[in-house]
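**Q** Kindly return the folded structure for what I paste below:
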Amino acid sequence: MKKLLVLILSILMIFAFTGCGESDLGGRLYENMGESNLEEVGGAWVIFGALKAENVQVDTSFVKTFKIPKDAKPLDIARYAIVLKTAGAKEDSYGFEKELNDYEAFRNEGHLAQGQGMIAANMWGFKLEREGDYLKDIMDGLDSADAINLSKALEALSFYDTPEVNEAKDWIIAKLSEEFSGDYGSLPADAEVIIALCQVGIDPSSDERFSVNGVNLIDTLKSYEVEGLYMKEITDTSYDQHASEMALLAFTAYDQYVLTGKGLFVK
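**A** Residues are numbered from 1 along each chain as shown. Below you'll find the predicted structure:
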């Protein structure tokens, strides 16, 4: 997995977001996955990144064989649902609709899980039985949410267009802008904000609300790089697996935004 991330991230940096590097990034990552699979820690997002790349041949045979692990948590289930849908799954033979409708399970795991569950449900076209409760929980929790949770909420709310939801989206964007001082304290937080901004059509490389002294969020993300991989915090000196995976998703989200005008998560 480490070799895979080194290759994909280094290719992306070489092309410097010209719109032609994301394909090579996804291809190199996927080709070097080895025995990694959808259920492995980080495996789902690696596959997702490869699937979102252009001109990458991804073996999607797992679409026919995948089964939700018995010990899968709500956040994991939502992630699997996102990847399977992106891989071209048409029929919900996995039971995602039933799992995503387990409101109490997602609520107990927290707003991050609820947000990701809503993203998965919208990508699949499921109408959640307690959609109003999901929305209310997410919007009620905004005041105390950190940058990662605010961003995930923005990603989830991006699928909705009502006066109340639009007001909440505007509030989140203003809050994230207010809290931006050049970074959000860690790569995972910076990356999640980039993903969310691209999801709602905001360019994280040029929007003045997310630039300080000429340094924007994309510049900040690049500053975490070390030997082709990424650190969790600027003060770190070594590679971090989760940080590198989040960097991959953020760079891919930005490439998708530049190339298509859309974010990572689409119906």
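
**Q** thinking residue 77 is in contact with residue 68, fair?
**A** Yes - at 6.1 Å, residue 77 counts as touching residue 68 under the criterion of CB atoms under 8 Å. Yep, even glycine has a C-beta here, placed from its N, CA and C like the rest.

**Q** So the residue lying farthest from the centre of the chain versus residue 83, what's the distance?
**A** In the chain, the greatest distance from the average C-alpha position (CA atoms, centre = their mean) is reached by residue 213, at 27.0 Å. Per CB to CB, to the nearest Å, residue 213 is found 38 Å from residue 83.

**Q** cool, and residue 125?
**A** Distance, residue 125 to residue 83, by CB to CB: 16 Å.

**Q** Look at these two and report which has more neighbours.
**A** Using other CB atoms under 10 Å as the criterion, residue 125 and residue 83 rank with residue 83 on top: 23 against 10.

**Q** what helix or strand does the more buried one sit in?
**A** For residue 83, the element it lies in under DSSP states H and E is helix 74-86.

**Q** I'd like to know how many residues surround residue 60.
**A** Neighbour tally, residue 60, other CB under 10 Å: 15.

**Q** Verify the stated contact: it with residue 88.
**A** Yes - because the distance of 5.9 Å satisfies CB under 8 Å, residue 60 is recorded as touching residue 88.

**Q** now stretch 125-137, how far from the chain's geometric center?
**A** 20 Å (CA atoms, centre = their mean, to the nearest Å).

**Q** whoops, I mixed them up, stretch 198-208
**A** That offset, for stretch 198-208, works out to 15 Å (CA atoms, centre = their mean).

**Q** quick one: contacts of that stretch?
**A** Applying CB atoms under 8 Å, 6 or more residues apart in numbering, the external contacts of stretch 198-208 come out as 17, 154-155, 158, 169, 173, 193-194, 197, 210, 216-219, 253-254, 256-257, 261, 263-265.

**Q** Over to stretch 120-137?
**A** 77-79, 81-82, 85-86, 92, 96-97, 100-101, 103, 106-107, 111, 114, 117-118, 156-157, 159-160, 165, 265-267.

**Q** Which among those count as buried?
**A** Listed as buried from these are 77-79, 81-82, 85-86, 92, 96-97, 100-101, 103, 106-107, 111, 114, 117-118, 156-157, 159, 165, 265; burial here means 16 or more other CB atoms under 10 Å.
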